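Participant: Prediction below, plus the sequence it came from.
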Amino acid sequence: MRPRALGQPAQERIWAAVAAIPRGRTASYGAVARAAGLPGRARMVGRALGAAPAALKLPWHRVITASGRIAFPRGSRLHAEQTRRLKREGLAVERGRVRVAVPRSLDALLWGAPRW
DNA sequence: TGTATGACCCTGA
DNA sequence: CTCAGGGCCATAC
């Protein structure tokens, strides 16, 4: 028996939750954890993303911290990469902080931001 | 077996 | 807004 890292099911639920984040929207690590049935385990989300096979093509860039910031250190390669991808989806990113560029509806205004 | 380390979060000061 | 403290838990050493 091969030691299952992190517990297969949990990791896969996290991947599924991330895959479900709509384009142009974001979700916090904690929100993804809750959506995956793992409340309080936000750290596991980052770990699962790092371990995710590239073939899954997950929208990992749509996952940010609860405070609306990019989790990677400023100046790091991944920080730049995530910023680029978010901007390409129409989101405004300034100093590592993500802001809704253009709210498309009242719903977006009321329900926008991190939660989903 | 024990300690350290994070793609985190929440509360309080 | 920042900072510290405590919680979380799979991994690495």
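Facilitator: Nice, thanks for sending it over.
Participant: Only C-alpha atoms from now on, for both contacts and neighbour counts.
Facilitator: OK.
Participant: measure residue A:38 to residue A:19 for me?
Facilitator: 16 Å (Cα to Cα, to the nearest Å).
Participant: And residue A:76, by the same measure?
Facilitator: When residue A:76 is compared with residue A:19 (using Cα to Cα), they lie 24 Å apart.
Participant: Identify all residues paired with the residue positioned nearest the centre of chain A through a beta bridge.
Facilitator: The centroid of chain A falls nearest to residue A:63 when counting by Cα atoms, centre = their mean (1.2 Å). For residue A:63, the beta-bridge partners under DSSP bridges are residue A:27.
Participant: And for residue A:97?
Facilitator: residue A:69, residue A:94.
Participant: That one contacts residue A:73, doesn't it?
Facilitator: No: counting by Cα atoms under 8 Å, residue A:97 does not reach residue A:73; the two are 11.9 Å apart.
Participant: So those two - more neighbours on which side?
Facilitator: The neighbour comparison of residue A:97 against residue A:73 (other Cα atoms under 10 Å) goes to residue A:97, with 15 against 11.
Participant: List the contacts of the more buried one.
Facilitator: Neighbour list for residue A:97: A:68-70 [criterion: Cα atoms under 8 Å, 6 or more residues apart in numbering].
Participant: next one: residue A:72
Facilitator: Contacts of residue A:72 by Cα under 8 Å, 6+ apart are A:78-79.
Participant: Let me see the ranges of the strands in chain A.
Facilitator: With strands called from DSSP state E, chain A shows them at A:27-28, A:63-64, A:92-94, A:97-99.
Participant: Tell me which of those strands sits most buried.
Facilitator: Compared across the strands of chain A, strand A:63-64 shows the largest average neighbour count, a mean of 26 (mean count of other Cα atoms under 10 Å).
Participant: This completes my enquiry, with thanks.
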